[in-house]
Structure formats: structure tokens, C-alpha cells
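[1] Show me how the following folds:
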Amino acid sequence: ILYNDEYDFAFMEQNDGQNYIYLQEKVRYKLEYIIEGQDSVIQYYSAGEEIVPIENPEKVGYKFVGWFEDEEGEREYNFSVMPEQNVVIYAKFQELTFTITSSSSENGQISPSGISQIEYGGRQTFSIVADNGYFVSNIYVDDRILTELELENAITNGYTFSNVKENHTIHVDFEALTFNIYYHLISGQIETISCKYNDMIEEYFPIRKGYDFIGWYQDEQLLNEYELGLMPAEDIHLYAKWQIQLFVLNSYVEGNGSISPSGEISRQYNSTVTYSFIADEGHYVSSIIVDGVQLDSQQLSNAINYGYSFSNISKAHSISVSFDVYKYAINLTVEGDGRFYCNQDLSIIEYGEDRLFYIDTDFDNYDVEIYVNGSLIENGDHGVLRINDIQQNLNIGVRFVEKPFFSTEVGNIVLIVGGVICAIIL
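    Alright, predicted model coming up:
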């Protein structure tokens, strides 16, 4: 049976020994594809012929949904075989939409936030606002960090996605601003420490030689004390309050004398105090010990004459002075026939003491001459000698001198002088 795309076999007959085949023109039905904004596409099929759909059409910004029997796109067309009629079908498209997912760290906002639906080719601007005390540190767009210039522009004008044709993400990081704490220590001396907003301010204890730190104050007059807490969103100025240190000085006395100032005293840092020493009568400063160290002879002499000073005081001190009584000695020499002696010690005699001397001789035949430091103080026949209130070393010399003896006879004079008989003949 012969046929082609245009004709179908109708019937066959014989005539005069010949076979005749009769064809009839095929009945073709039209399948028209209507695509909005484009030329329609037409296919022809015979009734019952299997339909082979055309390729899915494309439309910029839209997604092809399918073929529908009605323009409204409510009844989807079922491709199978061609019916015995013309058919018109309509392409249905759905507008493409994309998502922009926005997020941020704490302490600021991005608006709109979350997931935004954007039509194909559309645009969306995101505004970015940091909370008080914070700033925008970084912006990431599709995992790309913005440049410094882009970041500055986004903070000022917002960030805009234009002609959107794909999904996007945007993330904003906020960080705390850093502010300064200006610690005013003393006049003209300032220590600066940086601290992030809302961080706990760490305690800062300055050191100043000779002073104790009392605390930080909000005003130069040191009236309002500052309580450390969280860093505010601004620079702050704090003023140190100091109290000059006091140091204890103790003085001690041993023996008969005084030290001034006496006892326990307190003096401010960097001050000076001078101690003077007064010995009682008959006494002298024998030693001075300063902070456990005894002064040498030259230092002792200077301290006695000019006092001892602690200058630029920066620690506690002690000073101890010892007084001793003056001590003297008596050097005794005796000449002649007699004894001159003392029953007390003559090598150590304390200031103001007395000594009693005994004289043992034949006072009928001897006189006693007593010299003290070269001066005659006694010439007679006393049995004792008292020296009172001794205040110096003494040299005592004693001489027993034989008395002259006179004798007379008739016609002659016999004179005995010093034990020598001298005869005078008349």
C-alpha cells in the first residue's frame, strides 16, 4: 500500500487486468502553540497521530510551567495523539524570583532582615545601622568581604543589589567602638588606656613614690569618686587622689641625757627631721646607733655638735643614743717618811664623786705638803684629806717634810735642821 505525508490509501480495483490504487488527500489538523511575545509555532497532525511537543520555550525572567488549553493557564494540555480537530494550546510562564538572605551579628541591625524575595532584574537596598557604642566592622556579600571604600559607602548609603538574576547573601558584623580613659596622675602627667564599649574597666593602681593612691575621681576638685564599671560610649577623664605617706621615726635613750624630738614621731615623705642630743651634767654622748648601725667617731662628733638629720625621708627610721658618765683617775705620788692612801679605787672615779685620803706619819716631826695638779692645798698635820666633787683627772703629790729642831746649851747654840746637827759656837 502506497502512502506519504500528503495522501492516504483509499481503495484498489482491477480493470482490464490492471490494478488501480486510489489515494485520498490526507486530512491534517493544526496544533498551534501560542507563546506570549513570540511567534506562534504550528504543527500538523493527522487524527490519531502521536503528538511530539516542541521544545520548551524560554522567556527572559520567567520559568516555563507548561502548556495549557486556556489562556488563563488553568487546564493543562495532555499530549497524546492528535484529535480530529484543530487544537490551540498556550504556554504558561511563571515570573522568576530570587532570594536575598540578610543577617548580622549582635549590636546592630540590617533592614530588611531575613529572606527577601526579589523578582528577576529587580533591586533591593539594605540599610545598616549599628547600635550606640558599636560600628560596622565588616560586610560580606556572597562571602566576599567588601573593600574599605565599599564598606564606607554601604554604611552611609546602604548596600544595593541591582538587576537581580540569582540568589544572594549579605552579612554584617558589628564590633564595639574603642574609647579612651585618660588617667590624670599628677599635674601634666596623663596615662591613656583604651577600652572597648561595654567592656569591664580594669582596675588601674598607679604608683607614685612617697604617696598612697586613694582612688579615682570624676572631677579635678576630687569631690566625686568614680565607680569602675562598664566602659561608656565616650572618652572619660579620671583624676587620681593621693595621700602623702607618713613614716614613723622612733628614738631611744639609754643613760642620763635626752634626745629631741623624743619617742615615736611621724613625718611626711621627703621631709627632714634633725635630732639633737643633750647630756646631763657630768655625762656625754657615748654612742649613736642609726637604723641598727653605729656611727663612727667622725659621724658621732658631727651628730653631737650639729645634730643628726634624716633627709628626704622615704622609709621608717630608728635612732638610739647612749649617754655615759665622765670617768676620771687620780695619779698619786708620795715622798718622805709617811703614808698617804685611799681605800677607794683611784683608777675609775665617776663625775662628782668624792675620795677620802688618810695621812699616816709622825706629825710631831713631819709636816705634810699636798699638791693637787701642782698647787699646794695642804700644809699641816691633819690626819685626813677629802677631795669633793671630782670633775677632772688629778695628779696628787705628797711630801712628808721633817720639821726643824732647835736645842741650846750654855755658851753654845746647837741647831738641828732637817736632821743635820749644826753647831754654833759663841
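[2] partners of the helix or strand harbouring residue 173, with directions?
    Element membership of residue 173, judged by DSSP states H and E, is strand 168-176. If you go by DSSP bridges, strand 168-176 pairs up with strand 97-104 (parallel), strand 134-141 (antiparallel).
[3] Can you list the neighbours in contact with it?
    The set of residues external to strand 168-176 that reach it, using Cβ atoms under 8 Å, 6 or more residues apart in numbering, is 98-108, 110, 126, 128, 130-131, 133-143, 159, 161, 196-199. Using the backbone N, CA and C atoms, a C-beta is placed for each residue, glycine as well.
[4] And for stretch 85-100?
    29-36, 57, 59, 61-71, 73, 77, 115-120, 124, 126, 161, 164-170.
[5] likewise stretch 191-201?
    Residues from elsewhere that reach stretch 191-201 (Cβ under 8 Å, 6+ apart): 133-134, 175-183, 185, 202, 204, 206, 228-233.
[6] Residue 160 contacts residue 123, correct?
    Yes: the pair residue 160 / residue 123 is scored as a contact, 6.1 Å apart, by Cβ atoms under 8 Å.
[7] Can you pull the residues that touch both of the two?
    In contact with both residue 160 and residue 123: no residue, using Cβ under 8 Å, 6+ apart.
[8] Can you name the residues bridging to residue 258?
    The bridge-partner assignment for residue 258, based on DSSP bridges, gives residue 278.
[9] wait, residue 173
    Here residue 173 sits in beta bridges with residue 138, as judged by DSSP bridges.
[10] Can you report how many residues lie near it?
    As a burial measure, residue 173 scores 16 neighbours (other Cβ atoms under 10 Å).
[11] start to end distance for stretch 351-371?
    For stretch 351-371, the first and last residues are 21 Å from each other (Cα to Cα, to the nearest Å).
[12] Equivalent analysis for stretch 359-367, please.
    Start-to-end span of stretch 359-367 (Cα to Cα) is 11 Å.
[13] Tell me how far the residue nearest to the spatial centre of the chain lies from residue 191.
    When the chain is reduced to its mean C-alpha position, the nearest residue by Cα atoms, centre = their mean turns out to be residue 204, at 4.6 Å. Using Cβ to Cβ, to the nearest Å, residue 204 is found at 8 Å from residue 191.
[14] wait, what's in contact with the residue nearest to the centre of the chain?
    Going by Cβ under 8 Å, 6+ apart, the list of residues near residue 204 reads 183, 191, 193.
[15] any idea whether it is helix, strand or coil?
    Classification of residue 204 using DSSP: H, G, I helix; E, B strand; the rest coil returns coil.
[16] For it, give its distance to residue 171.
    Going from residue 204 to residue 171 by Cβ to Cβ gives 37 Å.
[17] Near residue 131, how many other residues are there?
    Neighbouring residues of residue 131 were enumerated by other Cβ under 10 Å; the total is 15.
[18] Now it. Nearest residue, chain neighbours left out?
    Nearest-residue entry for residue 131: residue 107, 4.7 Å, with adjacent residues in sequence omitted and distances by Cβ to Cβ, 6 or more residues apart in numbering.
[19] give the contact list for the one you found.
    130-131, 133-134, 174-176.
[20] so which of those is the most crowded?
    Among these, residue 174 has the most neighbours (other Cβ under 10 Å), with 22 neighbours.
[21] Name whatever forms a beta bridge with residue 195.
    Beta-bridge partners recorded for residue 195 (DSSP bridges): residue 179.
[22] what residue ranges in the protein score low on pLDDT?
    Under the criterion of pLDDT under 70, the regions of the chain flagged as low confidence span 1-11, 20, 22-25, 378-381, 405-426.
[23] let's go with 80 and repeat that
    With pLDDT under 80 as the threshold, the chain has low-confidence stretches at 1-26, 378-382, 405-426.
[24] Could you pull out the helices in it for me?
    Taking DSSP state H as the criterion, the chain contains helices spanning 148-157, 297-306.
[25] Just the residues contacting the last one, thanks.
    Here helix 297-306 makes contact (Cβ under 8 Å, 6+ apart) with 275, 277, 285, 287-288, 295, 308.
[26] Only C-alpha atoms, please: export that helix in PDB.
    Presented in PDB, the C-alpha positions along helix 297-306 are these (Å, rounded to 0.1, in the frame of the first residue of the first chain):
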ATOM      1  CA  SER A 297      83.800  58.600 115.600                       C
ATOM      2  CA  GLN A 298      83.600  61.300 113.000                       C
ATOM      3  CA  GLN A 299      79.900  60.800 112.400                       C
ATOM      4  CA  LEU A 300      79.400  60.800 116.200                       C
ATOM      5  CA  SER A 301      81.300  64.000 116.600                       C
ATOM      6  CA  ASN A 302      79.300  65.700 113.900                       C
ATOM      7  CA  ALA A 303      76.000  64.500 115.400                       C
ATOM      8  CA  ILE A 304      76.900  65.800 118.900                       C
ATOM      9  CA  ASN A 305      77.900  69.200 117.500                       C
ATOM     10  CA  TYR A 306      75.300  69.700 114.800                       C
END
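[27] let's have the chain start at 31 instead
    New numbering, starting at 31: the last item is helix 327-336.
[28] Give me the buried stretch members for it, please.
    Residues of helix 327-336 classed as buried under the neighbour-count rule (16 or more other Cβ atoms under 10 Å) are 330, 333-334.
[29] Repeat that for the first one.
    Applying a neighbour-count criterion of 16+ other Cβ under 10 Å, one finds 181, 184-185 buried in helix 178-187.
[30] and it, how far from the chain's centre?
    The chain centroid and the centroid of helix 178-187 are separated by 38 Å, computed with Cα atoms, centre = their mean, to the nearest Å.
[31] which one is residue 165 nearest to, not counting chain neighbours?
    Residue nearest to residue 165 in three dimensions, not counting chain neighbours: residue 207, with 5.4 Å by Cβ to Cβ, 6+ apart.
[32] tally of neighbours for that neighbour?
    Residue 207, neighbours per other Cβ under 10 Å, totals 16.
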